[in-house]
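Asker: sequence-free structure coming up:
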DNA sequence: TGCATTTTTGACAATGATTGTCGTCTTAGT
DNA sequence: ACTAAGACGACAATCATTGTCAAAAATGCA
């Protein structure tokens, strides 16, 4: 069903770059980083590759106010605390929230429950 | 601090329109509806008004994939339980979650905290 | 290995919601 | 009314993302 993806220099470059990063980056940032690293990849290709990887479940996607950020997928379910200034991301998990969301949804008769939760703020480094 | 908003024909028109609606509409849709209703308002003004109302807590904002939707705010701060099948939305509030988010963020030294939370599921009507 | 076939690439244009601009018009207050 | 602070709106600008499509690369097969 799913057309197998071909192995290309560009896709390897993107995957390799993300493997060496720990926080979220935008498609544009990734494009710049690749260019600086000598492994130049077209912007359109960066976008397509990131989307394909995200669809395949290999990437974590974080949608901020005005752009999408990507990062290699970490193992467990968790949420993010994101700094508006520098985009620094802290992972937080909240069993309390998970349970609350499931319970509330169940009470309304909903099934196949999923949820999104992001917390935004300004970190100490981005303040006076 | 907060500059008091002035009463204008345009703001009344937007508020009146929203008062007669129960679901979410985009800024562009609202702009069209106003035009059809004879109460024409500039698009820029619609955007500014909606944002001002949202900032003032009079509107509920729902950010979809590619645009922002607005609706009159029924109660206070709350979140949404959205059906994947029919897009029906139920309002839910969770003081627990609010407090949890604020506390977690504060523990990490973050200020000016905000958060987004949406719960997705399949409602009874959209199942066999 | 050479060739056909299909996918991918990337430079560039296009999209489209939202925001900025700025001269003109309104409102609120005296 | 008169004035100063806001507000309006037509239009231009922004900007992440998506579309286009001919050229390039990858896969499969003989």
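Answerer: That came through fine. All figures in this text were calculated on a predicted structure; none of them were measured in a lab.
Asker: Quickly check: the helix or strand where residue A:47 lies near DNA strand C or not.
Answerer: When elements are assigned from DSSP states H and E, residue A:47 belongs to helix A:43-55. Yes: on the criterion C-beta under 7 Å from any atom of the strand, helix A:43-55 is in touch with DNA strand C at A:43, A:44, A:45, A:48, A:49. In this view, the C-beta of every residue, glycine as well, is placed from N, C-alpha and C.
Asker: cool, and stretch A:7-19?
Answerer: Yes: using C-beta under 7 Å from any atom of the strand, stretch A:7-19 reaches DNA strand C at A:8, A:10, A:11.
Asker: Of those residues, which fall within the contact range of DNA strand D?
Answerer: Among those, the residues lying close to DNA strand D (C-beta under 7 Å from any atom of the strand) are residue A:8.
Asker: Helices - which of the residues of stretch A:7-19 next to DNA strand C land there?
Answerer: The helices, defined by DSSP state H, take in A:10, A:11 from those.
Asker: List just the nearest of the residues of stretch A:7-19 next to DNA strand C to residue A:30.
Answerer: The shortest approach to residue A:30 among those belongs to residue A:10, at 11.5 Å (C-beta to C-beta).
Asker: Give the helix, strand or coil label for the residue lying closest to the closest one once chain neighbours are set aside.
Answerer: Take residue A:10 and drop its neighbours on the chain: the residue closest to it by C-beta to C-beta, 6 or more residues apart in numbering or on different chains is residue A:41, 4.6 Å away. Recorded secondary structure, residue A:41: coil (DSSP: H, G, I helix; E, B strand; the rest coil).
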